[in-house]
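>>> Sequence first, predicted coordinates after that:
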Amino acid sequence: MEYVGYARVSSRDQKLDVQLEKLKDCHKIFQEKVSGVDQHRPELQICLDYVRGGDVLVVTKLDRLARSTLHLWKIVDTLEKKNVSLKVLDQSIDTSTSTGRLLFAMLGAIAQFETEIRAERQRDGIEKAKQNGVHLGRRYKLSEEEQQAMKQRRKSGALIATLMEDYKLSKKSVYNYLNTDKEPAHS
């Protein structure tokens with residue numbers, strides 16, 4: 001039986017030190033710096049492939065492992081099929097016990113609920129900002145005059161590649177600026 005740790009932070013400038021200190025008793029620790037939303041986490045996959053029957057996967061918090069209940073359950077299903085337990089240190093969860101499995105299920109559902117509520121509030125905030133005339137996203141690269149000049153140059157036979165180079169835009173953005181039915185793309 002081996003204790004296998006997994007530590008993750010969301011961005012490159014964050015540090016793993018606190019998690020690594022808590023996982024110091026693990027025999028092996030996998031670590032990475034990648035967003036929890038991104039389900040493609042190479043070190044997590046290597047960790048899941050590494051653990052074997054009787055091992056315990058140890059993380060400091062549930063959100064270090066997954067950001068959605070669905071993804072969390074997929075990971076736990078993988079662990080169960082391999083006869084591997086999950087231990088979450090900060091939330092005192094140990095899926096090798098019935099109480100630990102119950103607590104795990106409840107906390108996973110609550111975490112998913114919080115994520116969905118946060119997303120709803122964000123959508124509401126964006127909608128309110130739009131109603132108040134706030135421009136969201138990148139500013140358009142080209143002014144109205146530049147857009148008109150680009151359209152005129154295209155009518156005069158300028159190649160898309162030339163317009164891309166002259167205006168420092170992607171092909172899609174050039175076409176979007178030229179198409180009067182669409183808002184210009186943010187390149």
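Noted; the coordinates are in hand.

>>> who's residue 5 bridged to?
residue 29, residue 58 (DSSP bridges).

>>> buried ones in stretch 137-153?
By 16 or more other CB atoms under 10 Å, the buried positions in stretch 137-153 come out as 140-142, 147, 150-151, 153. (C-beta placed from N, C-alpha, C; glycine too.)

>>> Looking at those residues, spot the one nearest residue 170.
Taking CB to CB as the measure, residue 141 is the one of these closest to residue 170, at 10.2 Å.

>>> what's the helix or strand for that closest one?
Of the helices and strands defined by DSSP states H and E, none includes residue 141.

>>> same check, this time on the one 5 residues further on
Secondary structure from DSSP H and E places residue 146 in helix 144-155.

>>> So which elements touch that helix?
On a contact count with 3 or more CB pairs under 8 Å, 6 or more residues apart in numbering; DSSP states H and E, helix 144-155 meets helix 160-167, helix 171-178.

>>> Now that helix: average pLDDT?
Mean per-residue pLDDT for helix 144-155: 91.

>>> what's the helix or strand where residue 76 lies in contact with?
Counting by DSSP H and E, the element that carries residue 76 is helix 69-81. For helix 69-81, the external contacting residues (CB atoms under 8 Å, 6 or more residues apart in numbering) are 39, 44, 48, 51, 57, 62, 65-66, 85-86, 95, 104, 108-109, 111-112.

>>> Out of those, which sit inside helices?
44, 48, 62, 65, 104, 108-109, 111-112 (DSSP state H).

>>> Report the buried members of those.
Neighbour counting with 16+ other CB under 10 Å marks 44, 48, 62, 65, 104, 108, 111-112 as buried within the ones in helices among the contacts of helix 69-81.

>>> which two of these lie the greatest distance from each other?
Taking CB to CB, the two most distant members of these are 48 and 112; they sit 20.4 Å apart.

>>> Please spell out the segments of this structure that come in under the pLDDT threshold.
The chain contains residues with pLDDT under 70 at 36-39, 180-187.

>>> quick check: domain ranges of it?
3-113, 144-178 (automatic domain parsing).

>>> re the thing from before, mind giving me TSV with the ones in helices among the contacts of helix 69-81 and columns for distance to residue 77?
Shown next, in TSV, are the ones in helices among the contacts of helix 69-81 (distance: CB to CB, whole Å):
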residue	distance to residue 77
44	14
48	11
62	15
65	13
104	12
108	12
109	16
111	17
112	16
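
>>> For residue 32, state which of the residues you listed is nearest.
Distance to residue 32 across these (CB to CB) is lowest for residue 44, with 7.0 Å.

>>> Now the residue located most distally from the centre of the chain, what are its backbone angles?
Most distant from the centre of the chain: residue 156, at 44.9 Å, with distances by CA atoms, centre = their mean. Main-chain torsions, residue 156, degrees, to the nearest 10: phi -80, psi 0.
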